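*Asks:* Test case, fold it:
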Amino acid sequence: MEAIKAIGLTKSYGKSRGIIDVDLSVEKGDFFGFIGPNGAGKSTTIRTLLGLISPTSGTAEIFGRDITGHRTEILSGVGYLPSEAAFYNGMRVGDILKLSADLHKKDCSDEAKKLCDRLQLDTKRKIEQLSLGNRKKVGIVCAMQHKPDLYIMDEPTSGLDPLIQREFYNLLKERSNEGATVFLSSHVLSEVQRYCRHAAVIREGRLLVCDSVEKLGSAEAKRVVLRGVNEIRLPGIKNLQQLDNGISFLYSGKADVLLKTLASMPVTDVTISEPDLEEIFMHFYEKEDN
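*Replies:* Residues are numbered from 1 along each chain as shown. Below is the predicted model of the structure:
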């Protein structure tokens, strides 16, 4: 069963760009990454999927429920963390967590305590006394304490220190192992590569590609590092960088052509490897520009 399904989902803001013809499918139980730079359309897609803003055209469903007619039911079964969560000033963290639980009509006190302990969140402090990172923790606990079937996290780790980031992903992995679906947007590609099983790349409101992280990471382009030379003339080269006593570049041409070219050059060492997801991401974007 699909946890998230969108067909031709479009949100137009008039002259301002939103999202255009987004086709998206996320299977139940998947750990899914939604990749794109700031302003690419990640938050607009998420808010439209949750029924927080109305689509201009297209359709979408969450666990088989149409987003335009079942917003209340959808939101009750989702743990949503917006990129910038807002809270009432004057309230203590514990009161905010209880208010969030009451909105879901659940007693989440035991689970909230476990989450606060693991994320090192003081429930006695007032919200206006908290740093950005601690405010983010409050949003995470609100999204996770009722143990929903679907977690939708929009740029979830911004403001968190590295140790808390690791603990946050440990929590998500545990929930995923229990059968929950995780959908998170990020422009931190190392996070997506480390934790997600599938991912989609969005740019300027349009999806460029959607596949397993493994397949995205094994795209046609290879990272080539040469020592002993400082230039190479060959079709299919991108992102050429100068190194100490060498060069590095992405190569998407034919392997035999590369090897024949290298055989005629004073190369002292060569390394050919799979590029990381960040390089793949840039490779997809550059293909769109050409």
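
*Asks:* mean confidence for stretch 129-143?
*Replies:* Mean per-residue pLDDT for stretch 129-143: 95.

*Asks:* now the strands for this protein?
*Replies:* In the chain, the segments counted as strands under DSSP state E are 2-13, 16-27, 31-35, 57-62, 65-66, 78-81, 150-154, 181-186, 198-203, 206-212, 222-227, 237-243, 246-251, 269-273.

*Asks:* so which of these gets nearest residue 132?
*Replies:* For residue 132, the closest of these is strand 78-81, at 13.8 Å, according to Cβ to Cβ. Just so you know, the C-beta spots here come from the backbone N, C-alpha and C atoms, and that holds for glycine as well.

*Asks:* Identify all contacting residues around the closest one.
*Replies:* Residues outside strand 78-81 that contact it (Cβ atoms under 8 Å, 6 or more residues apart in numbering) are 46, 50, 62, 139-140, 142-144, 146, 148-154, 156.

*Asks:* returning to that earlier point: export the strands of the chain to CSV and append columns for distance to residue 113, mean pLDDT and mean neighbour count.
*Replies:* Formatted as CSV, these follow (distance: least, Cβ to Cβ, whole Å; pLDDT from 0 to 100; neighbours: other Cβ atoms under 10 Å):
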stretch, distance to residue 113, mean pLDDT, mean neighbour count
strand 2-13, 28, 95, 18
strand 16-27, 31, 93, 18
strand 31-35, 26, 94, 27
strand 57-62, 29, 96, 18
strand 65-66, 31, 95, 14
strand 78-81, 17, 96, 22
strand 150-154, 19, 96, 23
strand 181-186, 22, 95, 25
strand 198-203, 33, 91, 23
strand 206-212, 37, 90, 17
strand 222-227, 46, 92, 18
strand 237-243, 48, 87, 13
strand 246-251, 48, 91, 19
strand 269-273, 46, 92, 12
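
*Asks:* possible to save those strands as TSV with distance to residue 120?
*Replies:* Shown next, in TSV, are the strands of the chain (distance: least, Cβ to Cβ, whole Å):
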stretch	distance to residue 120
strand 2-13	30
strand 16-27	31
strand 31-35	24
strand 57-62	32
strand 65-66	36
strand 78-81	18
strand 150-154	19
strand 181-186	21
strand 198-203	29
strand 206-212	34
strand 222-227	38
strand 237-243	40
strand 246-251	40
strand 269-273	38
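
*Asks:* Of the ones you listed, which is nearest residue 125?
*Replies:* Distance to residue 125, taken as Cβ to Cβ, is lowest for strand 78-81 among these, at 19.6 Å.

*Asks:* quick one, what contacts the residue nearest the centre of the chain?
*Replies:* Nearest to the mean C-alpha position of the chain, by Cα atoms, centre = their mean, lies residue 185 at 2.8 Å. By Cβ under 8 Å, 6+ apart, residue 185 lies in contact with 33, 34, 35, 36, 42, 43, 45, 46, 83, 153, 154, 155.

*Asks:* how close does the nearest residue to residue 154 once chain neighbours are set aside sit to residue 208?
*Replies:* The shortest distance from residue 154 to any non-neighbouring residue, by Cβ to Cβ, 6 or more residues apart in numbering, is to residue 83 (4.3 Å). Separation of residue 83 from residue 208 (Cβ to Cβ, to the nearest Å): 21 Å.

*Asks:* Kindly report the same for residue 51.
*Replies:* For residue 51, the distance to residue 208 equals 25 Å [Cβ to Cβ].

*Asks:* do the same with residue 153
*Replies:* 21 Å.

*Asks:* Then residue 78?
*Replies:* Separation of residue 78 from residue 208 (Cβ to Cβ): 26 Å.

*Asks:* ditto for residue 167
*Replies:* Shown here: residue 167 relative to residue 208, a distance of 32 Å by Cβ to Cβ.

*Asks:* One more: residue 24?
*Replies:* In this view, residue 24 and residue 208 are 12 Å apart by Cβ to Cβ.
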